[in-house]
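[1] how would this look folded up:
(4 chains)
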2 protein chains.
Amino acid sequence: MDPNLKPGNTKMRILDATAELFMRYGYTGTGLKQIVADANAPFGSLYHHFPGGKQELGVEVIHRSGAMYLELVTAVFDAAPDIVSGVHDCFDGAAEVLRATDYADACPIETVALEVASTNEPLRQATAEVFESWIEGAAERFRTAGIGDRTARELSISLIALLEGAFVLCRATRTTEALGAAGKTAAAAVEAALRHVAPESAQP
Amino acid sequence: MDPNLKPGNTKMRILDATAELFMRYGYTGTGLKQIVADANAPFGSLYHHFPGGKQELGVEVIHRSGAMYLELVTAVFDAAPDIVSGVHDCFDGAAEVLRATDYADACPIETVALEVASTNEPLRQATAEVFESWIEGAAERFRTAGIGDRTARELSISLIALLEGAFVLCRATRTTEALGAAGKTAAAAVEAALRHVAPESAQP
DNA sequence: AGGGTCCTAGATAGATCGCTCTAGCTGTTA
DNA sequence: TAACAGCTAGAGCGATCTATCTAGGACCCT
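    Numbers count the residues shown, from 1 in each chain, chains lettered A, B, ... in the order given. Next up is the predicted model:
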């Protein structure tokens, strides 16, 4: 028997299915019927596990997807020999995933973030918290490399903006050209910031 | 009598209303009922002017909004004394508009682009054409400043990615911090590209 | 005036939306 | 065995969605 179908895992299956659907079709573009169908879950279970309905499920999925994506990127960074190649690997890896999924899987919360920004305050806040966690996660890494507080934060924001913006362009054009160009610019920005680090504190 | 209400302008009012709604709430988040209500148009007129329904209206709005936004950015660029301040002015202006509209008005097609990328091929293609026109519009400007073909295109893509990515972060966090940081990075990238231009052909 | 075209006008169909409801199943306790 | 949670299961409600339909008004031409 499929271990994913055993009782008790329904909530997880719902969360996983919702995360994938949100990434590809967004919040308003994803119906609850489709979620339970993809999750092989009965409709009643959805409202048992998420009494707050679609919004509660959305908040939970945003936080979960945000944390998982941060872990993924962190792992890619940790595997790289230095920060600049870490940045390079992130953009390259994102391009590879995009190609492999027929330009469907990019940022797990970007579409949702734009959709709910002016319509659903709890969801908007959830996306804001995720982005802030990403920014600070990256900034801390740059600070330990000797980059100043302010520059580290601005650099982190710019890298995330480059990635998110490239995702939009790549999914629209069905090309990975934008991730290539953005990755170059991102690496150059990191190099420029590292050049201003005092040599004795630099950790390339 | 309100000139916008005189007969014959119904199509324009529908286009304008749809453009604004798409920018704020996206494609699936905008209902046809809301469009005709905002446009002060009868429902029947919508299907008279756009027999193809929501999709045909969407394609037309995407192209129209894309062209108008390109004109707007071009005007800002033309008003600036040099390219680097032009870039700076674009990001600053976008931040100002965002603040003035309670973080609602950012890129006119970004939300729609992400929503339709994996669900509606004609709309996806329309967004791709708009992005491509923006990229080439910017690249041509950089080429006339003496930047090489390949660098000009990569730079243009990176600037647009920075802008689009910053829009996501700003709307989610209800802050203009990201546009500030991205603007800095964008200006630095342009400066770096201009430094590699042979002095005799440079047009700062 | 009459005929024709363009556009306005809105009721309504059919599907789908998020959500609620009750009933039953399963596994753990007394 | 009996009682009780926790979860599964899906029918069905009202609202809303896109789209279609028919009817009538506005304006131009002969």
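[2] Phi first, then psi, for residue A:108.
    Backbone torsions for residue A:108, taken as degrees, to the nearest 10, come to phi -70, psi -20.
[3] wait, it sits on residue A:63?
    No: assessed by CB atoms under 8 Å, residue A:108 is found out of contact with residue A:63, at 10.8 Å. In short, each C-beta sits where N, CA and C put it, glycine included.
[4] Neighbour count: those two, which is higher?
    The residue with more neighbours, out of residue A:108 and residue A:63, is residue A:108; 22 against 16, by other CB atoms under 10 Å in any protein chain shown.
[5] Contacts only, for the more buried one.
    For residue A:108, the contacting residues are A:19, A:22-23, A:65-66, A:68-69, by CB atoms under 8 Å, 6 or more residues apart in numbering or on different chains.
[6] how many other residues sit next to the closest residue to it other than its chain neighbours?
    Distance criterion CB to CB, 6 or more residues apart in numbering or on different chains; nearest residue to residue A:108, sequence neighbours excluded, is residue A:65 at 3.7 Å. Residue A:65 has 22 neighbours, counted by other CB under 10 Å.
[7] Run the angle between the helix or strand containing residue A:158 and helix B:149-173 for me.
    According to DSSP states H and E, residue A:158 maps onto helix A:149-173. Counting by axes from the mean of the first three to the mean of the last three CA atoms, to 10 degrees, helix A:149-173 lies at 110 degrees to helix B:149-173.
[8] Can you spell out which helices and strands pack onto the helix or strand following helix A:149-173?
    Downstream of helix A:149-173, the first helix or strand assigned by DSSP H and E is helix A:177-195. The helices and strands touching helix A:177-195, judged by 3 or more CB pairs under 8 Å, 6 or more residues apart in numbering or on different chains; DSSP states H and E, are helix A:83-100, helix A:149-173, helix B:149-173, helix B:177-195.
[9] hmm, who's touching helix A:177-195?
    For helix A:177-195, contacts defined as CB under 8 Å, 6+ apart pick out A:83-84, A:87-88, A:90-92, A:94-95, A:98, A:142, A:145-147, A:151-152, A:155, A:158-159, A:162-163, A:165-167, A:169-170, A:202, A:204, B:153-155, B:157-158, B:161-162, B:185, B:188-189, B:192.
[10] repeat that with 7 Å
    Residues outside helix A:177-195 that contact it (CB atoms under 7 Å, 6 or more residues apart in numbering or on different chains) are A:83-84, A:87-88, A:91-92, A:94-95, A:145, A:147, A:151, A:155, A:158-159, A:162-163, A:165-166, A:169-170, A:202, A:204, B:154, B:157-158, B:161, B:185, B:188-189, B:192.
[11] Mind giving me the ChimeraX select for these, buried ones only?
    Buried residues among the contacts of helix A:177-195 (16 or more other CB atoms under 10 Å in any protein chain shown), as a ChimeraX selection:
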select /A:83,84,87,88,91,92,94,95,145,147,151,155,158,159,162,163,165,166,169,170 /B:154,157,158,161,185,188,189
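[12] anything in the helix or strand harbouring residue A:18 near DNA strand C?
    Using DSSP H and E, residue A:18 falls within helix A:10-25. No: using CB under 7 Å from any atom of the strand, helix A:10-25 stays clear of DNA strand C, coming no nearer than 9.9 Å.
[13] relative orientation of that helix and helix A:149-173 in degrees?
    80 degrees.
[14] picking that back up, nearest to residue B:39, out of the helices and strands packed on helix A:177-195?
    With CB to CB as the criterion, residue B:39 lies closest to helix B:149-173 of the helices and strands packed on helix A:177-195, at 24.2 Å.
[15] quick one: that closest one to helix B:83-100, angle?
    Using the same axes, to 10 degrees: helix B:149-173 against helix B:83-100 is 20 degrees.
[16] next SSE after the helix or strand that residue A:35 is a member of?
    Applying DSSP H and E as the criterion places residue A:35 in helix A:32-39. As assigned by DSSP H and E, the chain's next helix or strand after helix A:32-39 is helix A:43-49.
[17] For residue A:26, which residues are in contact?
    With contacts defined as CB under 7 Å, 6+ apart, residue A:26 is in contact with A:111-112, A:115, B:28, B:114-115.
[18] quick one: which of the residues you listed is nearest DNA strand D?
    Minimum distance to DNA strand D across the contacts of residue A:26 is 7.1 Å, recorded for residue B:28 (CB to the nearest atom of the strand).
[19] residues near that closest one, how many?
    Neighbours around residue B:28, by other CB under 10 Å: 20.
[20] My guess is it contacts residue A:28. True?
    Yes: between residue B:28 and residue A:28 there is a contact under CB atoms under 7 Å: 4.4 Å.
[21] who in chain A is up against DNA strand D?
    So chain A meets DNA strand D at A:7-11, A:41-45, A:47-49 (CB under 7 Å from any atom of the strand).
[22] Now tabulate the residues you listed in JSON lines and tack on pLDDT, neighbour count and distance to residue B:133.
    What follows is the residues of chain A next to DNA strand D, written out as JSON lines (pLDDT from 0 to 100; neighbours: other CB atoms under 10 Å in any protein chain shown; distance: CB to CB, whole Å):
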{"residue": "A:7", "pLDDT": "44", "neighbour count": "6", "distance to residue B:133": "54"}
{"residue": "A:8", "pLDDT": "55", "neighbour count": "6", "distance to residue B:133": "52"}
{"residue": "A:9", "pLDDT": "87", "neighbour count": "16", "distance to residue B:133": "48"}
{"residue": "A:10", "pLDDT": "91", "neighbour count": "20", "distance to residue B:133": "47"}
{"residue": "A:11", "pLDDT": "94", "neighbour count": "17", "distance to residue B:133": "46"}
{"residue": "A:41", "pLDDT": "93", "neighbour count": "21", "distance to residue B:133": "44"}
{"residue": "A:42", "pLDDT": "93", "neighbour count": "10", "distance to residue B:133": "48"}
{"residue": "A:43", "pLDDT": "95", "neighbour count": "12", "distance to residue B:133": "45"}
{"residue": "A:44", "pLDDT": "92", "neighbour count": "9", "distance to residue B:133": "49"}
{"residue": "A:45", "pLDDT": "94", "neighbour count": "16", "distance to residue B:133": "47"}
{"residue": "A:47", "pLDDT": "96", "neighbour count": "14", "distance to residue B:133": "46"}
{"residue": "A:48", "pLDDT": "95", "neighbour count": "12", "distance to residue B:133": "49"}
{"residue": "A:49", "pLDDT": "95", "neighbour count": "16", "distance to residue B:133": "46"}
